[in-house]
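1. What follows is a predicted structure for the sequence shown.
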Amino acid sequence: MTIECCKNELSLLTEKAKTLKTIPKTLIFLCLLLAAHAQAALVTNGNFQSCDFTGWANYTDGMNHTDPNADFAIINNAGACQGQINIDVASGASAFYANTLSTEMDFTSGSNAHLWLSFDWLFSGFDDGSSLADVFFVNFTNNLGDITGADASPGFLLGPTSTYGAGTYSVMLDNRFINQSGWFLDFNLEGGFTPDSFSSTLLIDNVTLRSIPTNVPVPPMLALILLGAAALFKRSKQSNRTI
């Protein structure tokens, strides 16, 4: 359940309510309650709204790029921007370990809260899909170089894969991350090691970290919809009686 989803449902119900010249105020209150208790500004430029790499750093084999580099690009679709990582071994890509797009995490949160991480990804290209083809993987890294997954144990958020595709990743992080500092979210693209390896790209968008209190009851979306529908039905019956 997201704030955006709640806004969409509220918009639909509001349009219906206009025909009755009334808006279910209880539904509005509940949506505002949901928005007030879901803090979603914990990643700088997570959806690349600035259409540049503000808040992000890019690396090749651990070496930071301070100048524009062909291995990293911003894809701008009429102002809707995404971050892209490229690799092309056939054209002499310099990455042996990986090209990495990285952003520092803000794990600041109350003790009675959960941290939810989500992002969208698209992995595509012209490789052969074999076990030695181009791969991408996603993980947390700290200042000590530890590679860690969502459970705060050694591992990955998304393990290395050479299969092209797209998806949305969403997970609740282990509470041991809460209020920790020095952690980074890394998106990695590594070149393959076969003669048939050509080129691949990894698109990243909508990187979001939310802090959601556990002690605040949030009504499920279905309940909000039913509540709004019930309010409209009741007012519709009252209106019909006065005709």
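-> Received it, and whenever you're ready, just let me know what you need.

2. Now the lengthiest strand in the chain: buried residues?
-> Secondary structure of the chain per DSSP state E: the longest strand is strand 199-213. For strand 199-213, burial by neighbour count (16 or more other Cβ atoms under 10 Å) applies to 199-205, 207-213. To be clear about C-beta, it is placed using only N, CA and C from the backbone, and glycine gets the same treatment.

3. cool, stretch 167-176 as well?
-> L173.

4. for stretch 179-188, same thing?
-> Quick answer for stretch 179-188 (16+ other Cβ under 10 Å): W183, L185, D186, F187, N188.

5. tell me which element the third one is part of?
-> Read it as D186. strand 183-190 (DSSP states H and E).

6. How many residues are close by Y59?
-> For Y59, the neighbour count with other Cβ atoms under 10 Å is 20.

7. now the helices: where do they sit in this protein?
-> For the chain, the helices defined by DSSP state H cover 3-18, 25-36, 221-242.

8. picking up where we left off before, any idea of the angle the strand holding D186 forms with strand 199-213?
-> Computed by axes from the mean of the first three to the mean of the last three Cα atoms, to 10 degrees, the angle separating strand 183-190 from strand 199-213 equals 160 degrees.

9. What are the contacting residues of strand 183-190?
-> 43, 83, 85-87, 95, 97-105, 107, 117, 121, 134-142, 157, 160, 177, 200-202, 204, 207 (Cβ atoms under 8 Å, 6 or more residues apart in numbering).

10. the domain parsing of the protein - what is it?
-> The chain breaks down by automatic domain parsing into domains covering 3-37+218-242, 57-213.

11. so where's this structure uncertain?
-> 1-41, 89-94, 196, 215-243 (pLDDT under 70).

12. returning to that earlier point: how about the buried residues of strand 199-213 in a markdown table, adding distance to S50?
-> Formatted as a markdown table, the buried residues of strand 199-213 follow (distance: Cβ to Cβ, whole Å):
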| residue | distance to S50 |
| --- | --- |
| S199 | 27 |
| S200 | 26 |
| T201 | 21 |
| L202 | 20 |
| L203 | 17 |
| I204 | 14 |
| D205 | 13 |
| V207 | 13 |
| T208 | 16 |
| L209 | 17 |
| R210 | 20 |
| S211 | 23 |
| I212 | 26 |
| P213 | 29 |
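
13. Ignoring the adjacent residues along the chain, who's closest to W183?
-> M105 (4.5 Å; Cβ to Cβ, 6 or more residues apart in numbering).
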